[in-house]
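K.L.:
build me a model from this:
(4 chains)
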Protein chains: 2
Amino acid sequence: MISLKQLRYLDAVARFGHFGKAAAHCGISQPALSMQIQELEAALGLCLVERRSRGASLTAPGLEIAARAARVLAEVRDISDVALAFSGLLAAPIRFGAIPTVAPYVLPPLLSLIRTRHPSLELRVRETHTDQLLVELADGRLDVLLLALPLANPDLATLALREDRFLLAVPPGHTIRGPVRATPELIRNDRLLLLEEGHCLRDQALAVCGLRRAEAIDTFGATNLTTIVQLVASGLGLTFLPEISLGLECRHADIRVIRFDEPEPTRTLGLAWRASSPRSADFEALGELVREALPAPLDPARPFP
Amino acid sequence: MISLKQLRYLDAVARFGHFGKAAAHCGISQPALSMQIQELEAALGLCLVERRSRGASLTAPGLEIAARAARVLAEVRDISDVALAFSGLLAAPIRFGAIPTVAPYVLPPLLSLIRTRHPSLELRVRETHTDQLLVELADGRLDVLLLALPLANPDLATLALREDRFLLAVPPGHTIRGPVRATPELIRNDRLLLLEEGHCLRDQALAVCGLRRAEAIDTFGATNLTTIVQLVASGLGLTFLPEISLGLECRHADIRVIRFDEPEPTRTLGLAWRASSPRSADFEALGELVREALPAPLDPARPFP
DNA sequence: TAAAAATACTCCATAGGTATTTTAT
DNA sequence: ATAAAATACCTATGGAGTATTTTTA
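P.N.:
A predicted model of the protein is given here:
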């Protein structure tokens, strides 16, 4: 008789292409996993995995069955999530992923909001790039993401929360005066400092300037906006800052921030979760909290700073 | 951790509304089932089943989760079926259901055809009414049905095989001569003998005569067309016979068979299976065999008999 | 009081661990 | 020679059985 355990192990083998790594991922020993895969093969009367001396790959039936197994496992995970949803709004832990250009500016107020408003809600936070977040969301390691929309994947539900303006950060002594027009020329005069490859903010900044990825100017990217801001303050170049970061980034760095010409470039911040998730009510409620936690937009009447 | 076993047991409790009967259906003892249900409830942190002194009923979360469990179980069953499909066309056993007004006329030639053409194919045959067949198909006890189309259920795939004429069977000495028109009056002069409630042929015959169910004339139905034919031969009334039954039914009974006026009333015989089944190729191949096995249609040039 | 589910306990099947061997490059 | 999976063997968890108790209508 087929068991979920066997399907979980097959899924792991499909992912890792390697019995040992799959076993480690499942928290069991390699022989234990081997045995279960063999039993599954016996139950189905088929060879699912081709054992090669450098790892394992799936046979044609194996691919088909692993794909179905993944669906079954997702549905079983949804059953657990249904149970969580029944236990009440925001009552169960939420595994929350956020991109690095949002997390530090939202989490402190968000967490304190949760502490006062929903003290029983446990938010497990993970910060990494969009691509990685999406992988972890898809295979159930995360429940909901805070990132820049739109996303292509139709299996995801999204909730737009707020537009986030981009601004140009320049050294304090810089001659430029705003509002400024975002053009390739603007960038070519000074060095544009950006986060390393993989950060969506990097791509968005390049796109706003009408540059392609390959046309990036900086030689070594950073992983941390604060690092970039320090470099800008030292006169090494200029950068794009999202509005929500200003409160934090301007506090300790001596930079000047200039608004762009209308229409000001922005990114859309929002939540995303698996469309099949039974906990959408939780995520929409969380979205409200995030919206409250996001730093207030610039006063349009009074140009910043 | 949730297991398939637990979902199977929950599904059984949902079906039977009774721990004891559910346990019997699963082939385990009542305490064993109780324990697994409790473990599932613990794993989900919810009460799924309301224990009442006359059986058990599901709570609201229980209903939701049982419905999802049923879907998971169906998909796991499909995984087994994928495996069967991969083992080759018509290579794995097929659980085959047929209605009583078709089975006896098709099975002998079908089984002999299978013996010669696909000796390794094991056909497990079940004969009962359409309604029961559909239930057993839906919950996986049967793989494919041979019955009268059309069917309402959109979750089923169907394959029409052949039109089957209805004919009027009368005692040998009866004065009626064909072709005859199917009207309520035709029936009112003699007693119309039909199968008992539940047989689709009964309903179809009544419909052909323009009668409603309640207007049936015979007092006690039979379960067996051969029985009806014997009664007709004894002059106790007349009946509708499907064309495919003539070879067998006319061999030993002294009746006369009369064709109806154009357009001759017919039923459509065909196969049905779960649309989600990964074995459709098997079922289509089986459909070809059934088509061959069905008795040849009447020669339109030479009026029967 | 009767029917149904829960509990107590016992047992054994099996999932999983460690150590080792086999296999293929 | 090395990496990877299979095999051998042992252990312990837990699933399932029987007997019994508790619960509720």
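K.L.:
going forward, measure contacts between C-alpha atoms and count neighbours the same way
P.N.:
OK.
K.L.:
which other helices and strands does the lengthiest strand in chain A contact?
P.N.:
In chain A, taking DSSP state E as the definition, the longest strand is strand A:156-170. Helices and strands touching strand A:156-170, by 3 or more Cα pairs under 8 Å, 6 or more residues apart in numbering or on different chains; DSSP states H and E, are helix A:225-233, strand A:239-242, strand A:256-259, strand A:266-274, helix A:280-293.
K.L.:
looking at those, which is buried most?
P.N.:
strand A:239-242 (a mean of 24; mean count of other Cα atoms under 10 Å in any protein chain shown).
K.L.:
can you list the strands that that one pairs with?
P.N.:
Paired neighbours of strand A:239-242 in the sheet (DSSP bridges): strand A:156-170 (antiparallel).
K.L.:
run through who's touching the partner strand.
P.N.:
Outside of strand A:156-170, the residues within contact range by Cα atoms under 8 Å, 6 or more residues apart in numbering or on different chains are A:149, A:229, A:232-233, A:235, A:237-244, A:255-260, A:264-276, A:284, A:287, A:290-291, A:297.
K.L.:
count the residues that sit near residue A:202.
P.N.:
Residues lying near residue A:202 (other Cα atoms under 10 Å in any protein chain shown) number 20.
K.L.:
give the contact list for it.
P.N.:
Residue A:202 neighbours (Cα under 8 Å, 6+ apart): A:194-196.
K.L.:
which of the residues you listed sits closest to DNA strand D?
P.N.:
residue A:196 (30.6 Å; Cα to the nearest atom of the strand).
K.L.:
for the residue lying closest to residue A:49 once chain neighbours are set aside, give me its contacts.
P.N.:
In this structure, residue A:49 finds its nearest non-sequential neighbour in residue A:58, 4.4 Å apart by Cα to Cα, 6 or more residues apart in numbering or on different chains. Residue A:58 is in contact with A:14, A:17, A:48-50, counting by Cα under 8 Å, 6+ apart.
K.L.:
nearest to residue B:31 among the contacts of residue A:202?
P.N.:
When those are compared for distance to residue B:31 (Cα to Cα), residue A:196 comes out closest, at 59.7 Å.
K.L.:
that closest one contacts residue A:223, doesn't it?
P.N.:
Yes - in this structure, residue A:196 is within contact of residue A:223 by Cα atoms under 8 Å, at 5.9 Å.
K.L.:
now do the lowest-mean-pLDDT helix or strand in chain A: which elements does it pack against?
P.N.:
Using mean pLDDT, DSSP states H and E, helix A:184-189 stands out as the lowest-scoring helix or strand of chain A, at a mean of 78. On a contact count with 3+ Cα pairs under 8 Å, 6+ apart, helix A:184-189 meets no helix or strand.
K.L.:
now it: buried residues?
P.N.:
residue A:187 (16 or more other Cα atoms under 10 Å in any protein chain shown).
K.L.:
what does that helix rub up against?
P.N.:
By Cα under 8 Å, 6+ apart, helix A:184-189 touches A:209-211.
K.L.:
helix, strand or coil for residue A:50?
P.N.:
Following DSSP: H, G, I helix; E, B strand; the rest coil, residue A:50 is assigned to strand.
K.L.:
which residue packs closest to it, ignoring adjacent ones?
P.N.:
Per Cα to Cα, 6+ apart, closest to residue A:50 is residue A:57, 5.2 Å.
K.L.:
burial of the one you found, as a residue count?
P.N.:
Residues near residue A:57, counting by other Cα under 10 Å: 20.
K.L.:
hmm, the host helix or strand of it touching DNA strand C?
P.N.:
Assigned by DSSP states H and E, residue A:57 falls within strand A:55-58. No - figure legend: strand A:55-58 not in contact with DNA strand C (Cα under 7 Å from any atom of the strand); closest approach 9.9 Å.
K.L.:
and that strand, which strands flank it?
P.N.:
Strand A:55-58 is paired, per DSSP bridges, with strand A:49-52 (antiparallel).
K.L.:
next, residue A:142: secondary structure please.
P.N.:
coil.
K.L.:
for residue A:35, pull up the helix or strand it's in.
P.N.:
helix A:30-44.
K.L.:
nearest to DNA strand D, out of the helices and strands packed on strand A:156-170?
P.N.:
strand A:266-274 (29.6 Å).
K.L.:
each with direction, which strands does the closest one pair with?
P.N.:
Strand A:266-274 has these strand partners (DSSP bridges): strand A:144-149 (antiparallel), strand A:156-170 (antiparallel).
K.L.:
please work out which of the ones you listed is packed deepest.
P.N.:
The most buried one of these (mean count of other Cα under 10 Å) is strand A:144-149, showing a mean of 25.
K.L.:
quick one: that one to helix A:280-293, angle?
P.N.:
If you take axes from the mean of the first three to the mean of the last three Cα atoms, to 10 degrees, strand A:144-149 sits at 60 degrees to helix A:280-293.
K.L.:
chain center to strand A:144-149: distance?
P.N.:
6 Å (Cα atoms, centre = their mean, to the nearest Å).
K.L.:
can you list contacts of it?
P.N.:
A:94-99, A:102, A:130, A:133, A:137, A:158, A:160, A:200, A:267-274, A:283.
K.L.:
hmm, try it at 6 Å
P.N.:
If you take Cα atoms under 6 Å, 6 or more residues apart in numbering or on different chains as the criterion, strand A:144-149 is touched by A:96-99, A:268-273.
K.L.:
of all of the stretch 151-300 of chain A, which residue lies closest to DNA strand D?
P.N.:
Counting by Cα to the nearest atom of the strand, the stretch 151-300 of chain A gets nearest to DNA strand D through residue A:278 (26.2 Å).
K.L.:
contacting residues around that residue?
P.N.:
Residue A:278 touches residue A:82, counting by Cα under 6 Å, 6+ apart.
K.L.:
just to be sure, it is in a helix?
P.N.:
No - under three-state DSSP, residue A:278 falls outside any helix and is assigned coil.
K.L.:
tell me the spacing between it and residue A:77.
P.N.:
Using Cα to Cα, to the nearest Å, one gets 10 Å for the distance from residue A:278 to residue A:77.
K.L.:
am I right that the residue nearest to residue A:50 is in contact with residue A:19?
P.N.:
No - counting by Cα atoms under 6 Å, residue A:57 does not reach residue A:19; the two are 9.8 Å apart.
K.L.:
secondary structure element holding residue A:124?
P.N.:
Assessed by DSSP H and E, residue A:124 sits inside strand A:123-127.
K.L.:
sheet partners, orientation included, of that strand?
P.N.:
In the sheet, strand A:123-127 lines up with strand A:94-98 (parallel) (DSSP bridges).
K.L.:
pLDDT at the nearest residue to residue A:127 once chain neighbours are set aside, what is it?
P.N.:
Spatially, and ignoring its direct neighbours in sequence, residue A:127 is nearest to residue A:98 (5.0 Å; Cα to Cα, 6+ apart). Predicted confidence (pLDDT) for residue A:98: 97.
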